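Visitor: Just to be clear, the model below is a prediction. Sequence and coordinates:
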Amino acid sequence: MMNSKRMFLLFSHQLTDEQIQDARQNWGVSEFVSLPSDLQQKWSNVPAELESLQAYAQPFIQWLSDHQLGSSDVVLNQGDFGLSYLLANHIIFNQATAVYSTTVRKAVKELNMDGEVITTKIFKHQIFREYGA
């Protein structure tokens, strides 16, 4: 039997039912820990003009430290590439598990009454993949 784990969410979206089920069944997650609203806003709006994200990453590193991130924890770390990279290094250095969600994308095209093509993209969660795996 797997030990219970926390999953910290460095993620801009709401988890889907499939992601919650996957985390529980395949990663032994029993608790989901979301960012507080101020950090969530910051995670979802990384300024494109910043040349370095070292200082920008510090509040997220502090938040993980405040929660005593440990080796039994999993962190869903997905967002701005550079920020996710910095956080993945921190998570792995602290011997926790950094993962991201993989998806399958399906595009559905429909012709509307004006003759315009409307494309809808549907993303479906597949697995959580560990960084470096």
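Guide: Thanks, I have the structure now.
Visitor: Give the residue spans of the chain that score low on pLDDT.
Guide: 1-4 (pLDDT under 70).
Visitor: show me where the protein has strands.
Guide: 5-10, 29-34, 74-77, 97-111, 117-130 (DSSP state E).
Visitor: In a markdown table: these, plus mean neighbour count and distance to Leu87.
Guide: The C-beta positions use only the backbone N, C-alpha and C, and glycine is treated the same way. As requested, the strands of the chain are exported to a markdown table (neighbours: other C-beta atoms under 10 Å; distance: least, C-beta to C-beta, whole Å):
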| stretch | mean neighbour count | distance to Leu87 |
| --- | --- | --- |
| strand 5-10 | 22 | 6 |
| strand 29-34 | 14 | 14 |
| strand 74-77 | 24 | 5 |
| strand 97-111 | 14 | 7 |
| strand 117-130 | 12 | 14 |
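Visitor: and of those strands, who's closest to Lys42?
Guide: Within the strands of the chain, the stretch nearest Lys42 is strand 5-10; the backing value is 10.7 Å (C-beta to C-beta).
Visitor: how big is the angle separating the closest one from strand 97-111?
Guide: In this structure, strand 5-10 runs at an angle of 60 degrees to strand 97-111, with axes from the mean of the first three to the mean of the last three C-alpha atoms, to 10 degrees as the basis.
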